[in-house]
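>>> Any chance you can model this:
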Amino acid sequence: MTERMKTVWLLAARGVAAVVFGVLTLLWPQLTVLALAWVFGSYALVDGVMLLGTAWRHRHECRPAATCAAAGALGVAAGLVTALWPGLTALALLVVAGAWAIGTGCLELWVATRMRHELRHAWWWRASAVVSVAAGALLWLRPEAGAAAIALVLGVYALIAGGLCLAAAWRAYPTRTGRGERSWPGPASGARVAH
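Numbering: from 1, shown residues only. Below you'll find the model as predicted:
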C-alpha cells in the first residue's frame, strides 16, 4: 500500500470514528456526565492513536509529523483524563473537551496547510480543523452548559468533522482512471449533452 493510500485510509478511519461518536452523542442527549465522558474519552483516544499513526508514517517530514504527534498526544491525554477521572463534572468535561477541540484543531490546521501538496483536497481537512476550533470555543463560551448541551455541541461537531474527513478521503482515493482523484463521471461516449 502506498503512503498516499495509507493517508487516505487513516483519514477515512478518523471520519468514521467521528461520525460514530457524533451519532452516539446525538441519539442519547440525556447521557449522564459520566457516560458522556466515557464516550468522548473513547473517541479522543482513538482519534489520538490515529493521529500518532499518521505522525509515525510522516516522521521523515519533521514539522508536520511533530504537529500530528502533538495533536495525537493531546487526544490520547484527553481520552485518558476522562477515562481515569470517574468523578468528572460537567465543567471539567467541558474544559477537557474544549481544550482538546481547540488544540487539535489548531494543530491539524497547521498540518493540513503543510500537507496541501500531498493531499490535493487538503481544504477538507482544513475545514474540519476550523470546525474543531469553533466547537471548542463554543464549549468554552458556555461554561454553565449541562451534559445535554455538551453532548449536542460535541455531536454536531463530530458529524460535521467526520463528514469532512470522509469527503477528503473519498476525494483523495485514487480511481482506476489513474488521475489520482475522483471526479464526477462524464457523459458516455456519443451521448449528447444539453446546453
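>>> I'd say residue 79 and residue 39 touch.
No. The pair residue 79 / residue 39 is not scored as a contact, 10.7 Å apart, by Cβ atoms under 8 Å. C-betas here are computed from N, CA, C, even on glycine.
>>> ok, residue 153 to residue 53 distance?
Separation of residue 153 from residue 53 (Cβ to Cβ, to the nearest Å): 27 Å.
>>> what does residue 149 give?
From residue 149 to residue 53 the distance is 32 Å (Cβ to Cβ).
>>> likewise residue 31?
29 Å.
>>> For these two, indicate the residue with more neighbours.
Set residue 31 next to residue 53 and count neighbours by other Cβ atoms under 10 Å: residue 31 wins out with 20 against 16.
>>> Just list the residues touching that one, thanks.
Listed by Cβ atoms under 8 Å, 6 or more residues apart in numbering, the contact set of residue 31 reads 25, 39, 147-148, 151.
>>> Redo those as a markdown table? Include pLDDT.
Listed next are these as a markdown table, based on pLDDT from 0 to 100:
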| residue | pLDDT |
| --- | --- |
| 25 | 86 |
| 39 | 84 |
| 147 | 76 |
| 148 | 80 |
| 151 | 85 |
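>>> Identify, from those residues, the entry nearest to residue 113.
Distance ranking of the contacts of residue 31 against residue 113, using Cβ to Cβ, places residue 25 first at 28.9 Å.
>>> I'd like the mean pLDDT over stretch 122-136, please.
The predicted model assigns stretch 122-136 a mean pLDDT of 86.
>>> ok, now stretch 40-48?
Rounded mean pLDDT across stretch 40-48 is 89.
>>> Can you list the buried residues in that stretch?
For stretch 40-48, the neighbour count (16 or more other Cβ atoms under 10 Å) marks 40-48 as buried.
>>> for the residues you listed, which one is nearest residue 171?
The closest of the buried residues of stretch 40-48, once distances to residue 171 are taken by Cβ to Cβ, is residue 47, at 20.5 Å.
>>> Touching, the closest one and residue 17? I think so.
Yes. Under the criterion of Cβ under 8 Å, residue 47 makes contact with residue 17 at 6.0 Å.
>>> Which strands or helices does the helix or strand residue 134 falls within pack on?
If you go by DSSP states H and E, residue 134 is part of helix 123-141. Under the contact definition 3 or more Cβ pairs under 8 Å, 6 or more residues apart in numbering; DSSP states H and E, helix 123-141 sits against helix 90-114, helix 147-172.
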